[in-house]
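J.: Please find the sequence and the predicted model below.
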Amino acid sequence: GKIVIREFDVQGFEQARERLPKETFVSIFLKPAESVAQLVERIKERAPISDEDLQERIISMENELKKSEIYDYIIISEEGKIEKLITDTEKIIKEELIKEAKEFVEYINSKLPGTMELEFEGYFKRGIFVTKKRYALIDENGRVTVKGLEFVRRDWSNIAKITQRKVLEALLVEGSIEKAKKIIQDVIKDLREKRIKKEDLIIYTQLTKDPKEYKTTAPHVEIAKKLMREGKRIKIGDIIGYIIVKGTKSISERAKLPEEVDIEDVDVNYYIDNQILPPVLRIMEAVGVSKNELKKEGAQLTLDKFFN
């Protein structure tokens, strides 16, 4: 849904109030901080005015101030303090959204069977939902909450985690799709030009059983078997680190221990296609950017179009 803010004078609001269902809007009265006498002096300073016109303005002001009681909220509007006015308005919007969200949760819970229950998690400024269990949110204090996305998992290289984190910050904090795209493009360029630290390419995977018991091979399993042949003690639960190098053999056969790898030997295309793009592509597609768009320049994009 969208939040629509409309400005009415008192008469316009009274007409709108008669036509719209009460539950569809929240009203805010902007009350001047000055007294009527101070407002009168301000009117006189702006331009010449007859006593008759001035008296009409005073009566009109007094009537409008009395009608402030029919509004849901009253904000004291101080001259020259527009930022405070915006902050106060945003606070009211937040309170109303939270109130409606909690009422919705309460209503749904009343309809759910047994012990099933929805829970109100919090208020967030902006969010990206890849799927219902994969999302990233940022609250009003800048704290990011991530669920189900790869940089919170161990079995991805550091370069994948760093790239995804920077992309999320560009989208959630700055609301810039263009910056997120550039981050991805720069990482791909650095990979191709071998300007990446080898340590950031290490993939860590845990052994969940004895290496001999795996029916299908995998990079970390092949590394574990190699270490065992060299007399190393390997047990269930060990974390195996490896880097994928260039070659024509299977990925499992191209997995090498980090200390055996020179940066020139790294399979750049493997890291682009299997480490960099998969986790960020899910996020970028969620904001309307395809894989092809990540590889070419385009007009600057922001998240505004997704919230307006």
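T.: Here it is on my side, so go on. Numbers count the residues shown, from 1 in each chain.
J.: Following element in sequence after the helix ranked longest in the chain, please.
T.: Taking DSSP state H as the criterion, the chain has its longest helix at helix 82-111. As assigned by DSSP states H and E, the chain's next helix or strand after helix 82-111 is strand 126-131.
J.: Number of residues surrounding the closest residue to L207 other than its chain neighbours?
T.: Closest residue to L207 apart from its sequence neighbours, by Cβ to Cβ, 6 or more residues apart in numbering: D238 at 5.0 Å. Just so you know, the C-beta spots here come from the backbone N, C-alpha and C atoms, and that holds for glycine as well. Neighbour count for D238, taken as other Cβ atoms under 10 Å: 15.
J.: got it, and M228?
T.: Around M228 there are 14 residues (other Cβ under 10 Å).
J.: Would you agree V280 is in contact with Q164?
T.: Yes: between V280 and Q164 there is a contact at 5.4 Å, judged by Cβ atoms under 8 Å.
J.: Wait, a strand at I244?
T.: Yes: counting by DSSP: H, G, I helix; E, B strand; the rest coil, I244 is part of a strand.
J.: and L30, what element?
T.: Going by DSSP H and E, L30 is part of strand 28-32.
J.: And that strand, how far out from the chain middle?
T.: Chain-centre distance of strand 28-32: 32 Å, with Cα atoms, centre = their mean, to the nearest Å.
J.: who are the neighbours of it, in terms of helices and strands?
T.: When contacts are defined as 3 or more Cβ pairs under 8 Å, 6 or more residues apart in numbering; DSSP states H and E, strand 28-32 sits against strand 73-77, helix 82-111.
J.: Among the ones you listed, single out whichever gets nearest to E23.
T.: Set against E23 and scored by Cβ to Cβ, the helices and strands packed on strand 28-32 come closest in helix 82-111, at 9.3 Å.
J.: Are there helices or strands packed against the closest one, and which ones?
T.: Applying 3+ Cβ pairs under 8 Å, 6+ apart, one finds that helix 82-111 makes contact with strand 28-32, strand 73-77.
J.: G237 versus L281, what's the distance?
T.: Taking Cβ to Cβ, to the nearest Å as the measure, L281 and G237 are separated by 32 Å.
J.: next one: F25
T.: 58 Å.
J.: Correct me if wrong: K179 contacts A170.
T.: Yes: under the criterion of Cβ under 8 Å, K179 makes contact with A170 at 4.2 Å.
J.: shared neighbours, these two?
T.: Common contacts of K179 and A170, defined by Cβ atoms under 8 Å, 6 or more residues apart in numbering, are absent altogether.
J.: Checking the residue nearest to I202 when sequence neighbours are not counted next. Helix, strand or coil?
T.: Leaving aside its chain neighbours, I202 sits nearest to G241 (4.7 Å; criterion: Cβ to Cβ, 6+ apart). Using three-state DSSP, the structure places G241 in strand.
J.: What's the local residue count around G241?
T.: 16.
J.: does it have beta-bridge partners, and which?
T.: G241 has these beta-bridge partners by DSSP bridges: Y204.
J.: separation between it and Q275?
T.: Here G241 is placed at a distance of 14 Å from Q275 (Cβ to Cβ).
J.: Find residues that contact each of those two.
T.: With Cβ under 8 Å, 6+ apart as the test, G241 and Q275 both reach I203.
J.: Output the below-cut-off pLDDT ranges for the stretch 151-300 of the chain.
T.: Low-confidence segments of the stretch 151-300 of the chain (pLDDT under 70): 151-152, 295-300.
J.: Break down it into its strands, ranges please.
T.: Listed from the start of the chain, the stretch 151-300 of the chain has strands (DSSP state E, counting those that start in this stretch) covering 203-206, 239-244, 255-256.
J.: deepest of the ones you listed, which one?
T.: Per residue and on average, the most neighbours among the strands of the stretch 151-300 of the chain fall to strand 255-256, with a mean of 22 (mean count of other Cβ atoms under 10 Å).
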